[in-house]
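Participant: Predicted structure and sequence below. I'll ask about it afterward.
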Amino acid sequence: MSTPELLHNHLGGQWIAGRGASTALFDPVLGTELVRVDATGLDLSAGLAFAREHAGPALRALGYAQRAALLAAAVKVLQANRDTYYEIATANSGTVKNDSAVDIDGGIFTLGHYARLGESLGDRRHLLDGEATRLGKDPLFQSQHVLSPARGVALFINAFNFPSWGLWEKAAPALLSGVPVVVKPGTSTAWLTQRMVQDVVNAGIFPPGSLSVVCGSSAGLLDALTPFDLVSFTGSADTAELIRSHPAVARRSVRCNIEADSVNSALLLPGESAGSEAFELLAKEVAREMTVKSGQKCTAIRRIFVPQEHYEAAAQAISARLARTTVGNPRNESVRMGALVSRAQFDTVQAGLARLQQLGQTLHDGASHALVDADPAVACCLGPTLLGSRDAEVDVFHDTEVFGPVATLLPYRDLNHALALVRRGEGSLVASVYGSDEQTLQAAALELADSHGRVHVISPEVGSLHTGHGNVMPQSLHGGPGRAGGGEELGGLRALGFYHRRSALQASTSMLQGL
Ligand code: NAP
């Protein structure tokens, strides 16, 4: 048997192999070893300095539209290699084709979206923030806020669930802003990130050092950050706490964006009957959200709120849809839901599920799904499980994110009760609201807006048009307050704000007009 390939890191404009013991990446369905990663022995400080001192100035010498053209060229390279990315995703993430597409094509689409947005910004080298405002009685001396590209490096520490999208949704606005990128993917699925970076780097599109990848441990990466650098973290709340308290952030004021975990909700509004269009749309979306990527989406629906009189009907409608989900080897065409990404993830999900099951009823048991083409002793596959509790006040359902195909159905008395229950998530990435009365939909959406990065409002007329509860579109904000980390990503050109520094220029009106 041949030795699995050791993936090289790209840092300081060079491809470098780690010099440590290396970590194996596995196929979560077949259990076979695929490749190895290792970041031991890299000179991280020198690598980041190279990006800061060489790639940064080279990127910033270009205007937004020129950098947008580089993004568009990267899109072409990625599109040309899509088949390889799908093969890697099947092998390393255990995803079916449709789920791989969410990550791979979602990432490429987001990059393309920023290429188009960047083109519209033209050749300028900085952005204006608002209008000039006079500072005194005389209109000849005014204040104009400007946004200048940050002169540092953007470090991305990413989660395992979106090795492609997680890279490009961050790299697109960073590179468009003129800020070089270093990505540290979640180790278990790092292969796809590494291959995409390799393809784009080898195509020679960006100035050397613009795009780097470090696969394996993140040890030392935060220590190498200096005051004008940025760190964008996606992952669990526990790791987020470590990042926030690291001296780079706490003492050196490295700007930090956190996308953490979230106990997202779906809410059927009062007044909708069981079997109504809104009811069916909720049931369909819940089943989809629970099963896409085996529920390993930070935006997936975890809590479902329905009027108490519809609890039974909702349990039946969602369970009936889940029962039709075939689970197993993603290479088999009949399979709709593949695996969790690793044995560790499988064990964590089982433990979380057991915790919820102690206090909840199992309405649809994932264990009833026989695996297709997969050995249950080896494959990290788990059928979708719907839990429920007639007592919606139990804390564990509101504070436990089981990062797999698991959600809990909870009944409410009236709208105020429902909104209070949704808010028990203490800040989430997304809530979806289902109903047919526009005024109630509007009122509920606005009530939930302050505690959610996104509110997805579904009425029958958008039933077949909407983009999905959990699908993150580059036009809309991604992030959420409180427990969700407090971060903000995407939202069209808003995303560029993180990679720019705001400054007030106070000067003569004529000088400001020339900016
Ligand atoms: P995680 O264990 O927190 O890991 C996230 C990243 O941090 C990985 O790259 C990990 O590296 C790295 N890391 C681990 N310990 C670290 C440390 N001490 N210092 C610096 N970096 C460290 O999270 P995960 O299990 O990969 O991801 C699942 C979680 O991410 C879920 O809770 C999910 O909700 C959340 N998530 C949120 C979003 C969002 O946008 N809000 C999106 C996706 C996922 P290793 O892989 O090498 O350990």
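Facilitator: Now that the structure is in, tell me what you want to look at.
Participant: Go through stretch 382-402 and flag the buried ones.
Facilitator: 382-389, 392, 397-398, 400-402 (16 or more other Cβ atoms under 10 Å). (C-beta placed from N, C-alpha, C; glycine too.)
Participant: Which ones among these lie within helices?
Facilitator: F397, H398 (DSSP state H).
Participant: which one of the buried residues of stretch 382-402 sits closest to the ligand?
Facilitator: E401 (5.7 Å; Cβ to the nearest ligand atom).
Participant: Residue numbers of the chain in contact with the ligand?
Facilitator: Counting by Cβ under 6 Å from any ligand atom, the residues of the chain lying close to the ligand are 157-162, 184, 186-187, 217-218, 234-236, 239, 242, 259-262, 298, 401, 403, 429, 484-485.
Participant: Buried only: go through those residues for me.
Facilitator: 157-162, 184, 186-187, 217-218, 234-235, 239, 259-262, 298, 401, 403, 429, 484-485.
Participant: Which residue, neighbours along the chain excluded, lies closest to N329?
Facilitator: Excluding its sequence neighbours, the residue lying closest to N329 (Cβ to Cβ, 6 or more residues apart in numbering) is D373, at 3.8 Å.
Participant: Let me know the pLDDT of the residue in the stretch 101-250 of the chain that the ligand sits nearest to.
Facilitator: Closest to the ligand within the stretch 101-250 of the chain is G235: 2.5 Å, counting by Cβ to the nearest ligand atom. Listed pLDDT for G235 reads 96.
Participant: wait, what's in contact with T299?
Facilitator: S262, N264, L429, V430, H469, G470, N471, V472, H478 (Cβ atoms under 8 Å, 6 or more residues apart in numbering).
Participant: so of the residues of the chain next to the ligand, which ones are in helices?
Facilitator: Short answer: these in helices (DSSP H) are T239, L242.
Participant: what's the spatially closest residue to the residue of the stretch 101-250 of the chain closest to the ligand that is not a sequence neighbour in contact with, if anything?
Facilitator: In space, G235 comes closest to A159 once its chain neighbours are excluded; the distance is 4.5 Å by Cβ to Cβ, 6+ apart. Listed by Cβ under 8 Å, 6+ apart, the contact set of A159 reads G166, G186, T234, G235, S236, C298.
Participant: Repeat the analysis, applying 10 Å as the threshold.
Facilitator: 166, 185-186, 188-189, 233-236, 239, 259-261, 296, 298, 403 (Cβ atoms under 10 Å, 6 or more residues apart in numbering).
Participant: Please apply the same query to M290.
Facilitator: Per Cβ under 10 Å, 6+ apart, neighbours of M290: 297, 300-302, 304, 318, 321-322, 325, 337, 364, 366, 384-386, 404-407, 470.
Participant: by contact count, what packs against the helix or strand hosting V102?
Facilitator: Using DSSP states H and E, V102 maps to helix 97-119. With contacts taken as 3 or more Cβ pairs under 10 Å, 6 or more residues apart in numbering; DSSP states H and E, helix 97-119 sits against helix 64-80, helix 82-93, helix 165-177, helix 190-202, strand 489-490.
Participant: roughly how far out does it sit from the chain middle?
Facilitator: 13 Å (Cα atoms, centre = their mean, to the nearest Å).
Participant: ditto for stretch 453-464
Facilitator: Centre to centre, stretch against its chain (Cα atoms, centre = their mean), the figure for stretch 453-464 is 20 Å.
Participant: what about it, average pLDDT?
Facilitator: 97.
Participant: If you count neighbours, what's buried in it?
Facilitator: Taking 16+ other Cβ under 10 Å as the criterion, stretch 453-464 shows G453, R454, V455, H456, V457, I458, S459 as buried.
Participant: So which of the contacts of M290 sit within helices?
Facilitator: I318, R321, L322.
Participant: And the pLDDT for the closest residue in space to G112 that isn't next to it in sequence?
Facilitator: Leaving aside its sequence neighbours, G112 sits nearest to V75 (Cβ to Cβ, 6+ apart; 4.7 Å). Listed pLDDT for V75 reads 98.
Participant: Same question for S2.
Facilitator: Value for S2, per-residue pLDDT: 71.
Participant: can you check the one 3 residues further on too?
Facilitator: At E5 the predicted local confidence, pLDDT, stands at 96.
Participant: Repeat that for T408.
Facilitator: pLDDT, read off for T408, is 98.
Participant: That one against H364, yeah?
Facilitator: No: judged on Cβ atoms under 10 Å, T408 makes no contact with H364 at a distance of 11.5 Å.
Participant: Quick check: end-to-end length of stretch 32-46?
Facilitator: Chord length of stretch 32-46, first to last residue, is 36 Å (Cα to Cα, to the nearest Å).
Participant: Disregarding flanking residues, what is the spatial nearest neighbour of the residue nearest in space to the middle of the chain?
Facilitator: Geometric centre of the chain, nearest residue: G166, 5.4 Å, by Cα atoms, centre = their mean. Distances taken as Cβ to Cβ, 6+ apart place N158 nearest to G166, at 4.3 Å, with adjacent residues excluded.
Participant: So that neighbour sits against L221, correct?
Facilitator: No: look at N158 against L221 with Cβ under 10 Å: they stay out of range, at 12.0 Å.
Participant: Are there residues contacting both of these two? Which ones?
Facilitator: K184.
Participant: those strands in the stretch 351-500 of the chain, which residues are they?
Facilitator: Remark: strands assigned in the stretch 351-500 of the chain by DSSP state E, counting those that start in this stretch are 361-364, 385-388, 406-412, 428-434, 452-458, 477-478, 489-490, 500-508.
Participant: What's the separation between the closest residue to K293 other than its chain neighbours and the ligand?
Facilitator: What sits nearest to K293 in space, not counting adjacent residues and going by Cβ to Cβ, 6+ apart, is D99, at 4.7 Å. Separation of D99 from the ligand (Cβ to the nearest ligand atom, to the nearest Å): 14 Å.
Participant: So D99 sits against G338, correct?
Facilitator: Yes: at 6.5 Å, D99 and G338 qualify as touching, with contact defined as Cβ under 10 Å.
Participant: Could you tell me which residues touch both of these two?
Facilitator: Joint contacts of D99 and G338 (Cβ under 10 Å, 6+ apart) are A89, T90, S93, T291, K293, S294, P330.
Participant: measure the second one to the ligand for me?
Facilitator: Look at T90 and the ligand: by Cβ to the nearest ligand atom, they are 20 Å apart.
Participant: That residue and W191 touch, don't they?
Facilitator: No: with contacts counted by Cβ under 10 Å, T90 stays clear of W191, the gap being 11.4 Å.
Participant: Show me which of those two is the more surrounded one.
Facilitator: W191 (25 against 20; other Cβ atoms under 10 Å).
Participant: for the more buried one, what are its contacts?
Facilitator: Contacts of W191 by Cβ under 10 Å, 6+ apart are 5, 7, 25, 34-37, 85, 88-89, 91-93, 163, 185, 215.
Participant: Just the buried ones from these?
Facilitator: 7, 25, 34-37, 85, 88-89, 91-93, 163, 185, 215.
Participant: What is the nearest of those residues to the ligand?
Facilitator: P185 (6.2 Å).
Participant: quick one: the closest one and W165 touch, right?
Facilitator: No: the criterion here is Cβ under 10 Å, and P185 misses it with W165 at 11.6 Å.
Participant: any shared contact partners between these two?
Facilitator: N158.
Participant: if we can go back for a sec, ok, D99 and G338, which is more surrounded?
Facilitator: G338 (31 against 23).
Participant: what's the spacing between the more buried one and G388?
Facilitator: 26 Å (Cβ to Cβ, to the nearest Å).
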